[in-house]
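In: Compute the structure for the input listed below.
(chains A, B and C, ligands or ions: 2)
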Amino acid sequence: MTPFVFFAKLLLAVPVAIVLSLTAIWYIWESDNVILYESFAQRMFSGIESYGLLAIPLFMLTGELMNEGGMTRRLINAARVFVGGFRGGLAYINLLANMFMAAIVGSAAAQIAVMSRAMVPAMEKEGYDRGFAAATTAAGGLLAPVIPPSMLFVIYGVLAQIPIGNMFLAGIIPGLILSVCFALVIALIGLRQQFPKGDWMSAKDAWGALVYALPAMLIPAAIIGGIIGGIATPTESAAVASVVAFLLGWLLYGELKPEKLFEMFKRTALNASLIIFMIAAANVFGWVIIYEALPQRLAEFITTITQNPFVFLLIVNIVLLFVGMLIDGIAAIILVTPILLPIAIQSYGISPYQFGVVISLNLVLGLLTPPVGVGLYIASAMSETATGRILKALWPFLLAVTAVLILLSYFPALSTALID
Amino acid sequence: EEFRLGLITPPPHVWTLAAEDFGAALNEASGGEHSVTVFPARQLGNEAEMLQQLQTGALDMAFMTVAEVSNRAPEFGAFYAPYLANDMEHAAAILRSDAATALLDQLPATVGVVGVGYGSAGMRQILTNGGAESAADLAGQKIRITPFEPILDFYNAFGVAPTPMPLPAVFDALANGQVDGIDMDSELIVLLNYYEHADTMIQTNHMMFPMVGLVSGRVWAGLSEEDQAMIRELMAAAVDSTLDVYVERDGPWLAEIEATGIDYQVAGPEFFGDAIATWEAAWADRAGDALAALREAAAAAE
Amino acid sequence: MLNRISAVWARIEMAASAALAVGVTLLILLNVVTRSLNNALFWVDESAIYAMVWMTFLGASAAIHYRQQVAITIVTDMLPLGAQRVAAKLVDLAIFIFACAMLYFCWRWYLPLELAGAGFDTMAFQGATFNFIYAEPTSTIGIQKWIIWLVMPLFSFGVFVHALAHLLNFDAPGAEKSAVAT
Ligand code: NA
Ligand code: NA
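Out: Ligands and ions are numbered 1, 2, ... in the order given. Below is the predicted model:
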C-alpha cells in the first residue's frame, strides 16, 4: 500500500518534500507506531541541523555573485583562448573546470549549483542545446564527491572506522576514469550532433581576455588557498569567495549594484530552502523506514542469494540505485553503511575502501535520478531548464557512470592500488 | 517482545559490540521471547534525539554518554570533575562504586528513563596543533568538544573556544582548520587517525567519559517484574564489560599514538592552572552532594 | 481576503529568510576573522546552523505560496487542461493535509494546554506528561531549545495558510506557474 501511495502522489506532481513527509506519516500510521508522531517535527528540524549544509546557500550565493558581477563570463572567455577553436571546446572546458572544482568542493550539490549558473548560459550562447549544457554540468558535478576532498567519503570513513586520508586516495583513480569516460561521452555526442565550432581569438583579444580574467581568478584562489592553507573550511571559503566576488563585481568590473544585493540573497534563500527542505523531509523518511528495520531485513535477504563478492556488489548496486532515487546521498550513506558494510567485509571479504568508493559513486548517481535527485533539481533551478530536458541529454552520462560502477565492482585494485 | 536499542558509535566500536552481546544474552535468557535490534552510528538520531525518543517510548533502550544525561540532570556533571579519576582503572572503580549507582535513582523522575548501570569510553586527552607549556597557551584556539555543560565550562575556564560537533564532522574540521584541536579519547584518536592532522598529543587524562545503559521509563513500566530484573542484570553486565576493555586497552592505544612520532607530551593537573578551581567553584552547587560523594568514592578506590 | 493574508505572510517569510541568509554569511565570515585573530568565538557555528534552519523553513513555506516547488510533472503535463486543474487541486489538498498533520505534531510536541494546566511549571509538566521539550538546552548559545524549535510551528502555520488559500482559490490555473517546477 505504502509504495503505491508514494508513487501516485509523486506522479500527481505533489512536491517531492511533501511526498516524502506524507509517506513517512502514512507509514507510521500503518505500522501502528504513532508514538513517532511526537518526535516528527523535531526530527524534521534536526535532520538539517548540520554544519556541512551551510555550504549549500553559500556556494549558491557565490555563484549568483560571480554571474551578476560578470566574473564567470570573463573566466570562461579566458578558457576560450586555449580551446575555443576546437569543435565542442566549451563542453570540454566545462568538464575540465568540473574536475578542477571537484578537488576543491566536497559536495556534488554545491558544485552543481556553482557550475550550472556559470557554464549553462555560456554554452547556450555558443549554440549548444541548453539541456545538453545542463546535463554536462550536472554529470561533471558527480566528480565532486569522488575526487578528494569529499564530504561523503568523510562520513563513510567515520562510519567504517577507516582512515579518511586513505579513503581520499581510494577516490583518485576512479575519479580519473570517470572523467575520461565523460570526455568520451562528449566526444561521441559531438560526432553525432556536430557541436558548434568556435573561432580562435586574435592575439590582441586573447591578451585582453586573459588580463580581464586575472582578478576573477582570485575567487578560485580564495577557495583553494583557504582550504589548503588551513585558514578556512569549504563553507568558510565559500563565504570569503562571495565577499571577493562581490567586491570585484562592484568596484572593479562595475557590474554589480549593491542595491541589488538583497534581491540576490532572496533568490539564494529561496533556492537553498527548496533543496535543504527536501533533505529534511528525506531524513524524516529515512528515519521512519529504519525504525521498522526495513534495510536490515533487506540485507539479510541478500546474503541468502549469493556467495560471490562481485555478484553481491552488483546486487548492492541495483538496490542502492533505487535507494539513491529516493533518498539524498548523505542521508542514504548514513542509512546503508552500517547495515551493508559488515556483510561486505565479513561475508564476502570485500575491502572497505572498494566498498566505500562503489556505494558513494552509486549514491551520488542518485543525485541525478528522479524522484529525489537533488543535483538534478539544483541544475534545473540554477540553469532554468526543465528537468525533463536535462534528463534527455543526461542518460549517456548516467550510462557511463553505470559502466564505471561495474568496473569498480569487478576490479578492487582500482580503488585500493594507491593505498600503501 | 522486540526491543530497539540505539547508540551513536559505529558498528565495530566497543559499545556497539557490547550492545550486540546484550541482545544475544537477552534472547537466550528469555528463551527466544525477547530480541534486540541494535541501531548503531546515530541511525535513529543524535543522543538528544534518542533521549527524547526514550522519553516518548518510541525507542526502548540506549547506551548513551552520561554527558547527554547531565544536560538534564546536573548532578551527573560531577563525573566530569577534572582529575576525579587518575587513570582508566581508577575511573572504572569509581563508576562501580555505590555512590555512582545511587545517582541513577533519580533518573525516572527527572529524565523519564531507567538507568541500569555504567560503562565507559577511555579518558579524555587533547590533540592539538602547536605545543603548549600550559593550558593558557591554548587560549583563543577552537577545540572540538562533545557538547555538554561541564566540559564547556572547563574549556571556557582557560580561554579556549570550545566547539561542539558530532563525531562524523571531526576529521574534516581538524583537517581543514575549522578547529585547532580536539578533546578525544585514545581509542578514537587511533582508530580514526585524527593524529594525521595534528602535531601535538597532550596526554592529560583530564576527565573520565562514562556511559550509561538506559531503558525508556514508559517501556519499563509496561514490563513484568521478571523481565525488568532480567533486563537490568544483563544490560548492566554488558555496559560494565566495556570498563574492562578500556582498562586493558587504554595504555596500548596511547603507546600506539606515541609510536606515530607525533610530538607527545604528558601533563597533569598543574597544566590547567586555575581552571580546575574555576570549574569546582561553578559546579560545587550545581552538582550538589554528588560531587562530594564521588570524591569520597574516588579516595576510597585509590 | 485569505489570498491577501497568504501573500503578505509569504512576503514577510521571504524577507526574513533572505535576512537570515545574510546572517549566515556574516556569521561564517565572523568565524574566519575571529579565528585568524586567534580569538575564536564558541557560539558562532551553532548560531549559523540555526540561522540556516530558520532560513530553510521560512523559505520553504513561502515557496508554497509562490508555487516554487520541486516536483515531477512529467505525467501531469501530458494531461488535458481540465484534468490538470483537478490534479493541481489534489496537489493543493496534499499540501493542506501535510500542513494539518504538521500543526497536529507541533501541538502534541509543545502541549501548550498541559503546560498552562501545570501553571507553566515545567518540572510538574514533564512529570505529568513525560514530555521534556522545555528542559532541552542548546549546546553553546544558552537559549532553551524550544525557542529555537518554534520555527516548526511557524512553518506549519505558514504552509497551512498558503495551502488553504490555494485550495479555496478557483481562478484560472497556470498563471503563476514557476520556472523551477517541471
Ligand atoms: Na571533491
Ligand atoms: Na535520486
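
In: Leaving out sequence neighbours, find the closest residue to whichever residue of chain C sits closest to chain A.
Out: Closest contact between chain C and chain A, by C-beta to the nearest C-beta, is at C:G59 (2.7 Å). No exception for glycine: its C-beta is placed from N, CA and C like everyone else's. Closest residue to C:G59 apart from its sequence neighbours, by C-beta to C-beta, 6 or more residues apart in numbering or on different chains: A:S273 at 2.7 Å.

In: How much space separates that neighbour from A:V83?
Out: For A:S273, the distance to A:V83 (C-beta to C-beta, to the nearest Å) stands at 37 Å.

In: out of these two, which sits in the busier spot?
Out: The residue with more neighbours, out of A:S273 and A:V83, is A:S273; 28 against 16, by other C-beta atoms under 10 Å in any protein chain shown.

In: Distance of that one relative to C:A18?
Out: From A:S273 over to C:A18 the distance is 10 Å, taken as C-beta to C-beta.

In: chain center to the host helix or strand of A:R192: distance?
Out: Using DSSP states H and E, A:R192 falls within helix A:164-193. How far helix A:164-193 lies from its chain's middle: 14 Å, per C-alpha atoms, centre = their mean, to the nearest Å.

In: ditto for stretch A:268-283
Out: 15 Å.

In: same question, stretch B:112-121
Out: How far stretch B:112-121 lies from its chain's middle: 11 Å, per C-alpha atoms, centre = their mean.

In: How about that stretch and chain C, any contact?
Out: Yes: judged by C-beta under 8 Å from any C-beta of the partner chain, stretch B:112-121 comes into contact with chain C at B:G112.

In: How about residues contacting stretch A:145-154?
Out: With contacts defined as C-beta atoms under 8 Å, 6 or more residues apart in numbering or on different chains, stretch A:145-154 is touched by A:52, A:99, A:102-104, A:106-108, A:144, A:164, A:167-172, A:174-176, A:178, A:227, A:234, A:329-330, A:333, A:356-357, A:360-361, A:363-364, B:168, B:171-172, B:175-176.

In: Next: stretch B:44-51.
Out: A:39, A:42-43, A:46, A:287, A:290-291, B:4, B:6-8, B:53, B:59, B:62, B:64-65, B:67-69, B:71-72, B:111, B:113, B:166, B:214, C:132, C:136.

In: The same query, at a cut-off of 7 Å, please.
Out: By C-beta atoms under 7 Å, 6 or more residues apart in numbering or on different chains, the residues outside stretch B:44-51 that reach it are A:42-43, A:46, A:287, A:291, B:6, B:8, B:53, B:59, B:62, B:64-65, B:68, B:166, C:136.

In: can you check stretch B:156-166 too?
Out: Here stretch B:156-166 has contacts from A:51, B:46, B:135-136, B:138-147, B:152, B:155, B:173, B:179, B:272-273, B:275, B:278-279, C:40-42, C:45, C:139-140, using C-beta under 7 Å, 6+ apart.

In: All the helices of the stretch 101-250 of chain B, residue numbers only.
Out: B:107-110, B:149-157, B:167-175, B:186-191, B:217-221, B:225-259 (DSSP state H, counting those that start in this stretch).

In: How about the backbone phi and psi for B:V36?
Out: B:V36 adopts backbone torsions of phi -130, psi 120, taken as degrees, to the nearest 10.

In: which ones are touching it?
Out: Going by C-beta under 7 Å, 6+ apart, the list of residues near B:V36 reads B:3, B:5, B:22-23, B:26.

In: The contacts of stretch B:44-51: which two are farthest apart?
Out: Spatial extent of these (C-beta to C-beta) is set by the pair A:Y291 and B:T65 at 22.0 Å.

In: List the buried residues for the strand or helix carrying the residue nearest to C:G59?
Out: Per DSSP H and E, A:S273 falls inside helix A:261-291. For helix A:261-291, a neighbour-count test (16 or more other C-beta atoms under 10 Å in any protein chain shown) marks A:261, A:264-291 as buried.

In: quick one: least confident helix or strand in the chain?
Out: If you meant another chain, say so; for now it's chain A. helix A:218-228 (a mean of 68; mean pLDDT, DSSP states H and E).

In: I was after chain C.
Out: helix C:122-129 (a mean of 82).

In: Relative to the whole chain's centre, how far out is that one?
Out: That offset, for helix C:122-129, works out to 28 Å (C-alpha atoms, centre = their mean).

In: Just want the most central residue of chain A.
Out: Per C-alpha atoms, centre = their mean, the C-alpha nearest to the average position across chain A is that of A:A108, at 2.3 Å.

In: C:I28 - how many residues pack around it?
Out: When neighbours are counted by other C-beta under 10 Å, C:I28 comes out with 28.

In: mind checking which helix or strand C:N38 is in?
Out: Using DSSP H and E, no helix or strand contains C:N38.

In: How about C:A101?
Out: helix C:81-110.

In: Determine the set of other helices and strands touching the next helix or strand after that helix.
Out: Counting by DSSP H and E, the element after helix C:81-110 in chain order, helix or strand, is helix C:112-117. If you count contacts as 3 or more C-beta pairs under 7 Å, 6 or more residues apart in numbering or on different chains; DSSP states H and E, helix C:112-117 packs onto helix C:122-129.

In: Quickly note the distance from the residue of chain A found nearest chain C to C:A21.
Out: Relative to chain C, the nearest point of chain A is A:S273 (2.7 Å; C-beta to the nearest C-beta). Going from A:S273 to C:A21 by C-beta to C-beta gives 9 Å.

In: Common neighbours of those two, please.
Out: Common neighbours of A:S273 and C:A21 (C-beta under 7 Å, 6+ apart) are C:M55.

In: Let me know the pLDDT of B:V116.
Out: Reading off the confidence values, B:V116 has pLDDT 97.

In: what number of residues lie near it?
Out: What B:V116 shows, counting by other C-beta under 10 Å, is a neighbour count of 25.

In: Distance-wise, check it relative to B:D285.
Out: 29 Å.

In: Kindly report the same for A:I28.
Out: Distance check for A:I28 against B:D285: by C-beta to C-beta, it reads 43 Å.

In: again, but for A:I406
Out: 65 Å.

In: Show me which residues of stretch B:74-94 are buried.
Out: Buried residues in stretch B:74-94 (16+ other C-beta under 10 Å): B:74-82, B:84-86, B:88-94.

In: start to end distance for that stretch?
Out: Taking C-alpha to C-alpha, to the nearest Å, the first and last residues of stretch B:74-94 lie 18 Å apart.

In: Quick one: check that stretch for contact with chain C.
Out: No: contact of stretch B:74-94 with chain C (C-beta under 7 Å from any C-beta of the partner chain) is absent, the minimum separation being 10.6 Å.

In: Quickly find the element holding the residue in the stretch 1-150 of chain B that ligand 2 sits nearest to.
Out: The minimum distance from the stretch 1-150 of chain B to ligand 2, using C-beta to the ion, falls at B:Q43 (20.4 Å). Under DSSP H and E, no helix or strand contains B:Q43.

In: Burial check on A:K204, number of neighbours?
Out: Residues near A:K204, counting by other C-beta under 10 Å: 8.

In: Helix or strand: which one has it?
Out: When elements are assigned from DSSP H and E, A:K204 belongs to helix A:203-213.

In: how distant is that helix from the center of its chain?
Out: Relative to its chain's centre, helix A:203-213 lies at 33 Å (C-alpha atoms, centre = their mean).

In: same question, stretch B:120-132
Out: So, by C-alpha atoms, centre = their mean, the centroid of stretch B:120-132 is 14 Å from its chain's centroid.

In: neighbouring contacts of that stretch?
Out: Applying C-beta under 7 Å, 6+ apart, the set of residues contacting stretch B:120-132 is B:87-88, B:91-92, B:95, B:138, B:141, B:143, B:180-187, B:189, B:194-195, B:198-211, B:242-243, B:246, B:250, B:263, B:265.

In: so for that stretch, what's the average pLDDT?
Out: 91.

In: ditto for stretch C:168-182
Out: Rounded mean pLDDT across stretch C:168-182 is 52.

In: For A:P145, what are phi and psi?
Out: Residue torsions, per degrees, to the nearest 10, at A:P145 are phi -80, psi -10.

In: number of nearby residues for it?
Out: If we define neighbours as other C-beta under 10 Å, then A:P145 has 31 of them.
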